[in-house]
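[1] give me the fold of what follows.
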Amino acid sequence: MYKKIKFLYMKLLHIKFLLTIITLASLSQISADNSCNNCNAINICEGYPFLQARSQATDLARQITLPQEFINRYDAEETYGLFSITTEYSQSFNNNRLANFLFGKDLINCKDLYIQGGLVEDRNPNAWLSEYFGLPNDYNSKVSFCPKIQNAIIDLDLYLGLDGLAQGLYIKLSAPLVWTKWQLDPCEKVISEGQNPYVAGYMSTTTIERADLQKTFLPFMNGDTTFGDMQTPLKFGKIRNCNLSKFALAQLGMELGYNFISKQNYNLGLSLYASVPTGTRPCATNLFEPIVGNGKHWELGVNLSGSWIFHRNKQHENRYIGLWLESSVTHLFKACQKRSFDFCKKPNSRYMLLEEMLDTSYQTTDLLGETTQPLTGDQPTYTISNYQYSGNLIPAINWSTINVNVSIPISADIAIKFGASRDNWDFDLGYNFWARSGEKFYPETCSCDTGKSYAIKGDATLYGKYGAENTIVPIAQTESNASIHGLTPRVVDNAQTAYYTVAIINHEPLYILWAPVLAPITTSIQPVLVDKSMLNLGKSPSSITHKIFTNIGYAWKDRKSKFIPIISVGAFAEFSQDNYKKCCCENSCCINECNTTENVTRNRSCNNCDNCQTPRGAVSLWGAWIRGGVSFD
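    Numbering: from 1, shown residues only. Reported below is the predicted structural model:
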């Protein structure tokens, strides 16, 4: 008896050791995702353009609650199996954390996104500059979000024990059909519509009156409108006030395994796992984009499974208590996706404006900058501008959304349960740990260049004028240091007084287009252009969740038949381990201010953002399932 207990104890230690190695390997990779010395490192309190949620197909909690006596059988000599259909519904909670993941510290008091013009009194430093969205410079509003994710899953599972071929050999197949609905639920509360026009030269050659500007923020973010010199509306990262849904087969999972230890009261096995991507691929059209599956990644890894029944009734074999383990570590291979990116160290900068610049090296007339001020009797020195504004504005995200290859170095899914069986009834209570490292991007293998040149506009002026007839000339002002919040004070890149060559030796000074009196205007010599190397292509935030689950099952074990039906119901609560509490002092309920007249007090921002910590984001879910199936010999 002592030897048996010692043997079982050693097997349990082996399982614990392997589980520890898997967990530590996963956590070490995930914790190494961010480097505070890296230009592309993400501050834990910054927003991120894309939420890669846990695949609806990756759920060992759902797998481990299958009736264990019908799988991994120690006494089988022929082929046997279990086919089951699990119907599950899940819904996100702690939804304010999802908004915080997307917008970060730009959410004032961790709840509202302010849209304010540059002339708004007491302007919040984290407000988005309203002029980027075709709104007046005295416009003032705040936008609240109440995101929610819902999933409905029909999971088809087949387990086949191939003991007729080799003792302990088995295969598993899974095919979850998924419907998912994502809603961002934005609501804008306008504080002041503003009344100022755009002066001539700021967004076009003419004055744009307030009546011709955007009325509010959200229609622009829906991709419906343009303004001024903008010829193409917002194409990506749209903020929609509608529900977005997808339906697809998430993944086709296949597992080939072998139980190298298989006894009545304990077993230990290893398997090779592969997943065929059948879900949906990110296309970046919407900011809060519904995804079915893992993002079209092929997946390969290993699984470790084990069990230990530490108590069994001697008179009734179907009455026992034990522990079960399922764990997997996988690599998600490169998949081509369309993704949007911010500029390095500029969160949410993808929503700024870019001005298209024209190469002027072939022109006979030139835009110039006065490089040196002349002394008495001397001639000034001029430098020719290499570029000139082309007359086209675009949202930066239309340029910074590119095709990239994306991989996830490591993903870990570990479930352990305490189970009890009494005759035909099974009772389970368990814990599930899931984690993945940040995504790695390989743009050079999947993207292409349009051949056009762009620069960050900020609040730069686009046009000047010269001569008695006020001839309008596009200039080359750029503001590379501008952010989504604007730039205070205003700094034009490499500013020099602007001139224009009308004849070979005639340099006309350029003046501010809208000014009633002649006032010199500056241009950038040379303008600072953007390129893809300026995009933040560092690793995305990693993800960690903790799930508790329970399951009650019934099987007609006393039935004298080769086919034994089973049924069970289960429920779970999954909690994301993110950076929310480090950036927001208190928890707050998700209240959409468009639906209430109450004065709601929300949590305050702590600004406790350490860039050297690992940024994380995931979805907290609650859910329930019902399962039916049949065991067969």
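[2] domain parsing for this structure?
    The chain is divided into the following domains under automatic domain parsing: 2-342+411-442+543-632, 353-392+451-530.
[3] and Trp399, which of those domains is closest to it?
    Between Trp399 and those, the tightest spacing by CB to CB is seen for domain 353-392+451-530, at 5.7 Å. Where you see a C-beta, it was placed from the backbone N, CA and C, and this is true even at glycine.
[4] any idea how far apart the tips of that closest one sit?
    Terminal residues of domain 353-392+451-530 lie 12 Å apart, using CA to CA, to the nearest Å.
[5] ditto for stretch 215-230
    Note: stretch 215-230 ends 16 Å apart using CA to CA.
[6] start the count at 57 instead of 1 going forward.
    Yep, numbering from 57; the last one is stretch 271-286 now.
[7] so which residues make contact with it?
    Stretch 271-286 is contacted from outside by 171, 186, 189-191, 197, 199, 242, 244, 246, 249, 254, 258-260, 264, 268-270, 288-291, 294-297, 409, 447-451, 518, using CB atoms under 8 Å, 6 or more residues apart in numbering.
[8] for the one helix or strand Trp455 maps to, packing partners?
    Element membership of Trp455, judged by DSSP states H and E, is helix 452-456. In this structure, helix 452-456 packs against strand 409-415, with contacts taken as 3 or more CB pairs under 8 Å, 6 or more residues apart in numbering; DSSP states H and E.
[9] and the strand it packs on, which residues are buried?
    Residues of strand 409-415 classed as buried by neighbour count (16 or more other CB atoms under 10 Å): Leu409, Leu410, Glu411, Glu412, Met413, Leu414.
[10] neighbours around the closest residue to Pro576 other than its chain neighbours, how many?
    Using CB to CB, 6 or more residues apart in numbering and skipping residues adjacent in sequence, the residue nearest Pro576 is Thr553, 5.4 Å away. Other residues near Thr553 come to 18 when the count uses other CB atoms under 10 Å.
[11] swap in Ile622?
    Counted by other CB under 10 Å, the residues lying close to Ile622 total 22.
[12] which of the helices or strands spans it?
    Assigned by DSSP H and E, Ile622 belongs to strand 619-632.
[13] looking only at pLDDT, what's the mean for the host helix or strand of Thr236?
    Counting by DSSP H and E, the element that carries Thr236 is strand 225-239. When pLDDT is averaged along strand 225-239, the result is 97.
[14] can you list the buried residues in the helix or strand just after that strand?
    Past strand 225-239, further along toward the C-terminus, the next helix or strand under DSSP H and E is strand 242-248. Neighbour-count burial for strand 242-248, counted by 16+ other CB under 10 Å, picks out Pro242, Cys243, Glu244.
[15] surely Val358 touches Tyr314?
    No. At 11.7 Å, Val358 does not count as touching Tyr314 under the criterion of CB atoms under 8 Å.
[16] common neighbours of the two, please.
    With CB under 8 Å, 6+ apart as the test, Val358 and Tyr314 both reach Leu326, Ser327.
[17] how about the secondary structure of Lys637?
    Secondary structure state of Lys637, per DSSP: H, G, I helix; E, B strand; the rest coil, is helix.
[18] give me the distance between it and Ile205.
    Lys637 is 21 Å from Ile205, where distance means CB to CB, to the nearest Å.
[19] ok, the two, which is more surrounded?
    Counted by other CB under 10 Å, Lys637 and Ile205 do not tie: Ile205 has more neighbours, with 22 against 13.
[20] pLDDT at the more buried one, what is it?
    Looking at Ile205, its pLDDT is 98.
[21] is it true that it touches Val675?
    Yes. With contacts counted by CB under 8 Å, Ile205 reaches Val675, the gap being 5.9 Å.
[22] any common contacting residues for those two?
    Ala109, Ser148, Leu154.
[23] which one of these has the most neighbours?
    The shared contacts of Ile205 and Val675, ranked by neighbours (other CB under 10 Å): first place Leu154, 28 neighbours.
[24] would you verify that it is located in a helix?
    Yes. Leu154: assigned to a helix according to three-state DSSP.
[25] so what's it up against?
    By CB under 8 Å, 6+ apart, the neighbours of Leu154 are Leu107, Ser148, Pro203, Ile205, Phe344, Val675.
[26] pairing partners for Pro451 in the sheet, please.
    Counting by DSSP bridges, Pro451 is bridged to Leu409.
[27] next one: it from Gly279, what distance?
    For Pro451, the distance to Gly279 - CB to CB - is 9 Å.
[28] name the nearest residue to Ile472, ignoring sequence neighbours.
    For Ile472, ignoring the flanking residues on the chain, the nearest one in space by CB to CB, 6+ apart is Leu381 at 5.1 Å.
[29] what are the buried residues along the one helix or strand the one you found maps to?
    Leu381 belongs to strand 375-396 when assigned by DSSP H and E. Within strand 375-396, the residues scored as buried using 16+ other CB under 10 Å are 376, 378-386, 388, 390-396.
[30] paired strands for that strand, with orientation please.
    Applying DSSP bridges, strand 375-396 is found paired with strand 355-368 (antiparallel), strand 457-478 (antiparallel).
[31] any idea of the mean pLDDT in that strand?
    pLDDT averaged over strand 375-396 gives 96.
[32] same thing with stretch 159-175?
    93.
[33] what residues of it count as buried?
    Across stretch 159-175, burial judged by 16+ other CB under 10 Å covers 159-164, 166-174.
[34] again, but for stretch 112-131
    The neighbour-count check on stretch 112-131 (16+ other CB under 10 Å) flags 112-129 as buried.
[35] now, those residues that are in helices?
    The helices, defined by DSSP state H, take in Leu116, Ala117, Arg118, Gln119, Ile120 from these.
[36] ok, the third one - contacts?
    Put plainly, it is Arg118. Thr142, Glu144, Asp211, Gly626, Trp681.
[37] and for Pro572, the neighbour number?
    Pro572 is flanked by 6 other residues according to other CB under 10 Å.
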